[in-house]
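Asks: structure for the following, please:
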Amino acid sequence: MAVYFANRFNRLLAPTFEFCFIDDDEQIAFIAQNFPEDVNAAFARLQIGAAKADYWRVLTLIKKGGVYLDIDANLASPLEWTLRDNSSELFIIDRKGLITNSFLATVPENPIFHRIADQIRQNIADPEQSDVFHMTGPGAVWQVLEDCSYNSCSYRSVSHKGQFNNPTLQYPDKGRGKWWQEQNERDIQK
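Replies: Sure, this is the predicted structure:
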């Protein structure tokens, strides 16, 4: 119910946007149809859902452009207001002053997002990478953004995490577990 409520709230604040939800099979099919074998192979190695979602969101935004918003996040203002300056991308800065990947917006084929996808693929290939956060999550985004200019703004005016949800409601199939606990119980990659 909490996820449904957040979704309905977001639709009120983004009435001209199409909302898409896809399952694991649709992720695999999309990547297979749109990316070369090395990208497909890297994605196929991932075992933890959060890692797959991190990589998939970047790949989807490369091909389609648009806005990615975590299912436990909600918009803070109408999306049309947030995106009205016609920037080629938008990253948000979280409560700790760091870029997050819970909200991403871009035009299709943005070179920054291509670099993020390449960094994630390199991280997957690196045997020293041992956590989702740095392999596919915000840590991978930070590695790229240190060397380029990009558009960003505070989460306060764009998107809030967990305002309507909590981990128990968001992950009913995992009890109180989330990706950081799951990576302690099994390998991130096959």
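
Asks: which parts of this structure are helices?
Replies: Using DSSP state H, the helices of the chain run over 2-13, 24-34, 37-45, 49-64, 79-82, 111-125, 132-135, 138-145, 167-170, 179-185.

Asks: which one of these lies nearest to residue 157?
Replies: Counting by CB to CB, residue 157 lies closest to helix 79-82 out of the helices of the chain; the figure is 7.1 Å. To be clear about C-beta, it is placed using only N, CA and C from the backbone, and glycine gets the same treatment.

Asks: kindly export the closest one (C-alpha atoms) in PDB.
Replies: The C-alpha coordinates for helix 79-82 follow below in PDB (Å, rounded to 0.1, in the frame of the first residue of the first chain):
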ATOM      1  CA  LEU A  79       8.600  17.200 -12.400                       C
ATOM      2  CA  GLU A  80       7.900  19.700 -15.200                       C
ATOM      3  CA  TRP A  81       9.300  22.500 -12.900                       C
ATOM      4  CA  THR A  82      12.400  20.500 -12.000                       C
END
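
Asks: buried residues, that helix. List them.
Replies: Across helix 79-82, burial judged by 16 or more other CB atoms under 10 Å covers 79, 82.

Asks: same thing with stretch 57-66?
Replies: Applying 16+ other CB under 10 Å to stretch 57-66 flags 57, 58, 59, 60, 61, 62, 65, 66 as buried.

Asks: got it, and stretch 101-112?
Replies: So for stretch 101-112, counting by 16+ other CB under 10 Å, buried means 101, 102, 103, 104, 105, 106, 110, 112.

Asks: I'd guessed residue 66 sits against residue 105; true?
Replies: Yes - using CB atoms under 8 Å, residue 66 is in contact with residue 105, at 7.2 Å.
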